[in-house]
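Colleague: sequence plus the predicted model coming up.
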Amino acid sequence: MVGIGHSGMVEQDYWLSLLYKRLIGPKVLAVHVAGLQRKPRPGRVIRDKLRIYAHCTNHHNHNYVRGSITLFIINLHRSRKKIKLAGTLRDKLVHQYLLQPYGQEGLKSKSVQLNGQPLVMVDDGTLPELKPRPLRAGRTLVIPPVTMGFYVVKNVNALACRYR
C-alpha cells in the first residue's frame, strides 16, 4: 500500500524505501573512508554527519550484474561533500539516485525529487520510472547538503557480491 499524504502526493519515505528495496542487497560490506576522521576536542561532541554504507547490489535487480556494489550515502552537513572512489571502484561507471526535497518547504517538503526531477505517481497504480543519472568513471561524487543518495558502482565484480 502506498502512503498518500494530505496533499495527494506519495510520502517521501515511500520513495526512499522503494529505492532501498530495489538497489540494496542483503550483504553488507566494510567501508573505509580516508580524510573524514577528526580529532575530538575536550568538551566537544563530534557527530558523524556524513554516513556511508556499502552493500552488494540487489541481485534481483536486472539492471545490474552480480558483483556490483551500492553505496548508500547520507549527508547531514549544511555543505556539500565530495567523495572520491578509490581502488577497484575508481574506474567504474556509477549510477546516481540522488534524493532531495522538492519545493519551497525544503526539508519539511512532502515532495521528493530524484536527480532533479520531482517524483509523482503516473496514476493511481503506476509508479514513475526511477532513472539513474550515469556518472562517468573516475568522477568525484558530489553530495549536496542534507540529502541522501544511492550510488551503484557497476561491474565491480566484487567477490563477496557474485554469489548468494
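Modeller: That came through, no problem. Numbers count the residues shown, from 1 in each chain.
Colleague: only C-alpha atoms from now on, for both contacts and neighbour counts.
Modeller: OK.
Colleague: in this structure, which spans are strands?
Modeller: Using DSSP state E, the strands assigned to the chain run over residues 24-29, 50-57, 69-75, 81-83, 94-102, 111-114, 117-118, 133-135, 141-143, 147-153.
Colleague: packing partners of the longest one?
Modeller: With contacts defined as 3 or more Cα pairs under 8 Å, 6 or more residues apart in numbering; DSSP states H and E, the secondary structure elements packing on strand 94-102 are strand 111-114, strand 133-135, strand 147-153.
Colleague: among these, which comes closest to Ala54?
Modeller: strand 147-153 (9.4 Å; Cα to Cα).
Colleague: still on that earlier bit, redo the strands of the chain as TSV? Include distance to Asp124.
Modeller: Below are the strands of the chain laid out as TSV (distance: least, Cα to Cα, whole Å):
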stretch	distance to Asp124
strand 24-29	26
strand 50-57	29
strand 69-75	29
strand 81-83	37
strand 94-102	21
strand 111-114	17
strand 117-118	17
strand 133-135	26
strand 141-143	32
strand 147-153	26
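Colleague: just give me how far the helix ranked longest in the chain sits from the chain centre.
Modeller: The residue-count maximum for a helix in the chain (DSSP state H) belongs to helix 12-23. Using Cα atoms, centre = their mean, to the nearest Å, the mean C-alpha position of helix 12-23 is found 10 Å from that of the whole chain.
Colleague: and the helices and strands packed on strand 94-102: which comes nearest Val120?
Modeller: Short answer: strand 111-114, nearest of the helices and strands packed on strand 94-102 by Cα to Cα, at 8.3 Å.
Colleague: what stretches of this structure score poorly on pLDDT?
Modeller: For the chain, the stretches flagged by pLDDT under 70 are 1-11, 35-47, 106-107, 164.
Colleague: let's go with 90 and repeat that
Modeller: 1-14, 31-50, 76-78, 87-88, 101-112, 118-128, 146, 162-164 (pLDDT under 90).
Colleague: which one of the helices and strands packed on strand 94-102 lies nearest to Ala34?
Modeller: Among these, the nearest to Ala34 by Cα to Cα is strand 147-153 (18.3 Å).
Colleague: mind listing what that closest one pairs with, with the direction of each?
Modeller: strand 69-75 (antiparallel), strand 94-102 (antiparallel) (DSSP bridges).
Colleague: now do the contacts for the nearest residue to Thr88 once chain neighbours are set aside.
Modeller: Among residues not flanking Thr88 along the chain, Val156 sits closest, at 6.9 Å (Cα to Cα, 6 or more residues apart in numbering). By Cα atoms under 8 Å, 6 or more residues apart in numbering, the residues touching Val156 are 67-69, 88-89, 92.
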